[in-house]
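Chemist: predicted structure and sequence below. I'll ask about it afterward.
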Amino acid sequence: MTAAFRLCALGVEDWARKQHQQPDQGVALDYKDNYLLIVDSTTDQELKKQLQASYKLLRGKHPYSTPQPHDNRLWHSHDEMYFGDSVSCLGIQLADLCTYFMQRHLLKRDKTQKDKADEFFNLIRPHAICAKPEPEWSQHGEFLPSHDDKQQERLAQSNGDAKSKGQTA
């Protein structure tokens, strides 16, 4: 769970960076692209601690005044990570719905069999961004399901190659 969380958080940061020109060295900040990370709350206190620890590894307590700025990977994250209750937060409810249909599509065994869930997925698909933070994506991307057509083709190719060699991918 924490690995998926880190990939998503880094994906949000990548999105924020791509909203404006970046220099060859370092990071350019545009405060219009800052974000506040709000996560659906859980009663699992251990999971909350793990998520908070993962967040703190990616973003230092004082990211703009740290002696080693390269250790901060979430430059555009404005503050601490917050937990919100999806029962009372329409934005989190909407994110939960999108996540449900995205996950249902990605984990579907027979992609040729279409149902009503695929219709909703196709509505949100053009707006979905596949988080591909580096170096994680280059190192482990082949193991991560993606709605990105190129990634799906690469995964299918990898599975086909493994099957022809008598392996499973």
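Modeler: Yep, that arrived. Numbering: from 1, shown residues only.
Chemist: how about the strands of this protein, start to end?
Modeler: 38-40, 82-84 (DSSP state E).
Chemist: need those strands in TSV (columns: mean neighbour count and distance to Ser138).
Modeler: Heads up, the C-betas are built off the backbone N, CA and C, glycines and all. As requested, the strands of the chain are exported to TSV (neighbours: other Cβ atoms under 10 Å; distance: least, Cβ to Cβ, whole Å):
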stretch	mean neighbour count	distance to Ser138
strand 38-40	16	26
strand 82-84	13	31
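Chemist: select, out of the ones you listed, the one closest to Ile129.
Modeler: Smallest distance to Ile129 across the strands of the chain (Cβ to Cβ): 17.4 Å, for strand 38-40.
Chemist: so how far is that closest one off the chain centroid?
Modeler: 13 Å (Cα atoms, centre = their mean, to the nearest Å).
Chemist: for the record, mean pLDDT for it?
Modeler: Taken as a whole, strand 38-40 carries a mean pLDDT of 91.
Chemist: going forward, the N-terminal residue is numbered 368.
Modeler: Taking 368 as the first residue, the last one we looked at is strand 405-407.
Chemist: okay, and the helix or strand of this structure with the least pLDDT?
Modeler: helix 516-531 (a mean of 54; mean pLDDT, DSSP states H and E).
Chemist: break the chain down into its domains, please.
Modeler: 368-451, 460-536 (automatic domain parsing).
Chemist: worst mean pLDDT among these?
Modeler: domain 460-536 has the lowest average pLDDT among the domains of the chain, namely a mean of 77.
Chemist: excluding chain neighbours, what is closest to the residue nearest the centre of the chain?
Modeler: Geometric centre of the chain, nearest residue: Cys375, 2.0 Å, by Cα atoms, centre = their mean. Closest residue to Cys375 apart from its sequence neighbours, by Cβ to Cβ, 6 or more residues apart in numbering: Ala498 at 5.7 Å.
Chemist: contacting residues around Arg476?
Modeler: With contact set as Cβ atoms under 8 Å, 6 or more residues apart in numbering, Arg476 has no partners.
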